[in-house]
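Peer 1: Could you look at this predicted model? Sequence included:
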Amino acid sequence: MAAGMPAQPQQRRIVLPPHRQRAGRPWSVKAREWVRRNLFPSRSGTILTFVALAIIGVLLAGMIWFVFIDADWRVITANRWLLFAGAFPREEAWRLWVSMAFVFTLIGLTYGTWSSLGGKDHFFIAVAGVFVVFLMAHGGAALWSSLWFVVAIGMLYAGYYATVWMPRETSARRTLQVRIVGGLLIAALPIALMLLLAFGGGQMRRLDGFVLNLVLAPVGIAGGLVVAIPLAIGRASSMKAISWTCTTYIEVVRGAPLLGWLFVALFILDDVFPGELIVRAMVVMAVFTGAYMAESIRGALQALPRGQYEAAHSVGLTRLQALRLIILPQALRISIPPIVGQAIAIWKDTTLVTVILPLRELKGNADAAIAQFEFTPFRLEAYVFVALVFWAVAFMMSRISQRLERTLGVGER
Amino acid sequence: MKRLTLLILALFALALAVACEGDDEEGGTVATIQDRGELLCGVKQTQPLFGFKEADGSVVGFDIEFCKAIAAAVLKNANAVEYVDASDASTRFELLADETIDVLIRTTTITASRDRELEVDFAQTTFYTGQGFAVRKDSGYDTTSDMAEATICVQTGTTTEQNVADHFTDIGLTYDPKGGLSADVADAFFSGRCDVLTADASDLASRIAVRPDAADYKILPQIISKEPLAPGVRDNESEWKDVVNWVVHGLIAAEELGITQANVAGMAANPPGTEIARLLGVPFEGGSVSTLGFDSVDAQFIQRAIAAVGNYGEIYARTIGDNIPRACTLNALAIDKSVDCPAGEGGILYALPYR
């Protein structure tokens, strides 16, 4: 906290809950007071507390029973590779590890540049690390393969502390750092894809399993944003041809479910836009997400006070300058929560490619794993694991978005 | 403004024009596959024993072996296959019609309407089965006549679903159908959410055999339908269909003639008889070799298929083995009466004469 937040440290103090400020008393007194105030404030409150505790207890006991006693997790441990990368050639696994290390480094750099890693973040990273190492070590797999994850986490911290410790007293240095990391972020997707596929790596269709989810979702989200910003501006345009075109696009795309558009990708798009199926799926996801994000951004554009436009005009900015310097930065900031909501939705929608397209992502490969003869009775285990993985990533996205909101000061002007 | 609208319209028209430009190919499907150097085989990836994925991500199973055999025959390389996932029952024929796949080998039942309306052509059946019923041993069900008002789990979008409906209409009983995906309905049955599970008898056998409580379940001897599972190709591609068809026949013939993966090279070098020599495409005692018209794949295409995957019996033993007793699967003709399948009794699988 201390080292990492030179940017806007004073904002943190505003959101601190009041009871945290009462320092100096022994923790036992504080704990007792917390329990009394939050769990047993009144008779009805006490009853509710006990009812809630009973429900939580039953659920927790059931979960613990299932996870540690009833369930047979061999279907997961034996199929780690299938679930993770499926048909991706094993001898080129280094591509996956290098991409992972690259992405993790970038996350570290990003946090170091714009935010900071707090106690909770360290905790979550540790939990993820322990979980992955445990998963790899369990069931007699080579432990060293989990080393890659440890290395990637190491890269995350290396990137983080490199940016945190980097001298940036001068604004020129700060600007340089922001430019470098920002540029890397923008180029992250092409770089990661290149690491996965270029230089004799073969075709897109090798992407399989969880790797496919991890590629599809960011492409859908980034592509969606690229599509959405001009659409949102276009829809608000005073030129009828442009606004009608954009409105038609948005309404048509939003009018049918993603499932339907994937059918289009499979059976219709191949005549107009031949190419690999995964590329077509990416296009459809970007087109689809874009329509929804455009509406989020349009809402933000309309939420901006007219004074902002007028002020930009009065200081002599051109339309484009006003958009780039005044309007969009504010509008995008306001629309972070709905855009992240869309991102989480498209993250989960990546499973649809298995439903419609002949592609197998994580859930599809879980289906394939439980078709292995010895594992056919262990469907629940497979699906619980898949659900956990999806939840973990969605949770991470939501936390990053919260951090982004706090750093950029959404809701505060 | 007008100009912009015109521009957009022009772009739209251009896109349409591009879309309508068909890609007419020279030569047939065999030539297309050989030019591509890869067979696009539509397979299931979620069916125990028949088509599923191994832990290392490779696709394996009974159906997969036939993809390999065809690739060996057409491309001289059993590994030149791209396995396209056709697990979804409802889009499998579109994948074929759309040329996303060259051949569909995915536990697909031959029916007249599929042959005619869906414009699929079927090659020789690779697996004969029939629709059966699984119940808990203590349920008291011995035939479908006992199943009035029973809850029956059945996979949707399949011939199985239609068969059970027809059967209960015929015997004048009503039942409560519960539909879903193949694995889902099996799960529903084993967790007690339905009284009866109906599917191909081979599917039932494989799903029960693997369970620790397998002894609590039984498959009724009653079989209500014929389910010949066969490779499908597009209509009116007769050269390609013939190749697929005769690869399957060749593998069955190899079993009849005692040609195995291990001895095929020796038999090709020194064929013991004219029939074997003809099947393997080698001269017998200085005679000549005929391709029998299979010019695009040359005379030795069946030999390559056998060398790649072995004969039908070897494929069966390697992929299905004892999980589904083989004699029973070949006795699917026994409709609506006890399937009595003594070991070694042949059944209906036999190769047509290759000459």
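Peer 2: Perfect, thanks for sending it. Numbering: from 1, shown residues only, chains lettered A, B, ... in the order given.

Peer 1: switch to C-alpha atoms for all contacts and neighbour counts from now on
Peer 2: OK.

Peer 1: Can you pull out the low-pLDDT segments for the chain?
Peer 2: Using chain A here. A:1-24, A:138-145, A:167-169, A:200-202, A:274, A:409-413 (pLDDT under 70).

Peer 1: that answer is for a different chain, and I need it for chain B
Peer 2: By pLDDT under 70, the weakly predicted segments of chain B are B:1-27, B:326-348.

Peer 1: Let me see the ranges of the helices in it.
Peer 2: Along chain B, the stretches classed as helices by DSSP state H are B:2-20, B:29-36, B:62-75, B:92-97, B:112-116, B:159-171, B:182-190, B:201-209, B:238-257, B:264-269, B:274-280, B:301-309, B:312-319, B:326-329.

Peer 1: Figure out which of those is closest to chain A.
Peer 2: Among the helices of chain B, helix B:2-20 comes nearest to chain A, with 4.6 Å by C-alpha to the nearest C-alpha.

Peer 1: quick one, what contacts residue A:232?
Peer 2: Contacts for residue A:232 were tallied using C-alpha atoms under 8 Å, 6 or more residues apart in numbering or on different chains; they are A:246, A:294-295, A:297-298.

Peer 1: next one: residue A:208
Peer 2: A:84-88, A:359-362.

Peer 1: Among those residues, which are located in helices?
Peer 2: Judged by DSSP H, the contacts of residue A:208 include A:84, A:362 as members of helices.

Peer 1: how about the helices in the stretch 151-300 of chain A?
Peer 2: Ranges of helices in the stretch 151-300 of chain A, per DSSP state H, counting those that start in this stretch, are A:171-197, A:209-235, A:240-255, A:258-267, A:269-272, A:277-303.

Peer 1: Chain B contacts on the stretch 301-413 of chain A?
Peer 2: Proximity of the stretch 301-413 of chain A to chain B (C-alpha under 8 Å from any C-alpha of the partner chain) is limited to residues A:355-356, A:358-360, A:365, A:367-374, A:376-377.

Peer 1: Need the buried ones from these selected in PyMOL.
Peer 2: Listed next is the PyMOL selection for buried residues among those, using 16 or more other C-alpha atoms under 10 Å in any protein chain shown:
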select buried, chain A and resi 355+356+358+359+360+365+367+368+369+370+371+372+373+376+377
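
Peer 1: Counting neighbours, what do you get for the closest residue to chain B within the stretch 201-350 of chain A?
Peer 2: Residue of the stretch 201-350 of chain A nearest chain B, by C-alpha to the nearest C-alpha: residue A:272 (4.6 Å). Counted with other C-alpha atoms under 10 Å in any protein chain shown, the neighbours of residue A:272 add up to 15.

Peer 1: Equivalent analysis for residue A:319, please.
Peer 2: By other C-alpha under 10 Å, neighbour count at residue A:319 equals 12.

Peer 1: Quick one: neighbours of the nearest residue to it once chain neighbours are set aside, just the number.
Peer 2: Beyond its immediate neighbours in the sequence, the residue positioned closest to residue A:319 (C-alpha to C-alpha, 6 or more residues apart in numbering or on different chains) is residue A:313, lying 7.6 Å away. Neighbourhood size, residue A:313 [other C-alpha under 10 Å]: 14.

Peer 1: cool, and the one 10 residues further on?
Peer 2: Residues near residue A:323, counting by other C-alpha under 10 Å, number 17.

Peer 1: Quick check: it is in a strand.
Peer 2: No - Residue A:323 is assigned helix when assessed by DSSP: H, G, I helix; E, B strand; the rest coil, not a strand.

Peer 1: residue contacts, it?
Peer 2: By C-alpha under 8 Å, 6+ apart, the contact set of residue A:323 is empty.

Peer 1: how far away is it from residue A:295?
Peer 2: According to C-alpha to C-alpha, to the nearest Å, residue A:323 stands 17 Å off from residue A:295.

Peer 1: Please apply the same query to residue B:229.
Peer 2: Residue B:229 is 49 Å from residue A:295, by C-alpha to C-alpha.

Peer 1: follow-up on the earlier one: could you save the helices of the stretch 151-300 of chain A as TSV and add columns showing distance to residue B:306?
Peer 2: Shown next, in TSV, are those (distance: least, C-alpha to C-alpha, whole Å):
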stretch	distance to residue B:306
helix A:171-197	35
helix A:209-235	33
helix A:240-255	51
helix A:258-267	35
helix A:269-272	36
helix A:277-303	33
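
Peer 1: Report how many residues lie close to residue A:171.
Peer 2: Neighbours of residue A:171 using other C-alpha under 10 Å come to 9.
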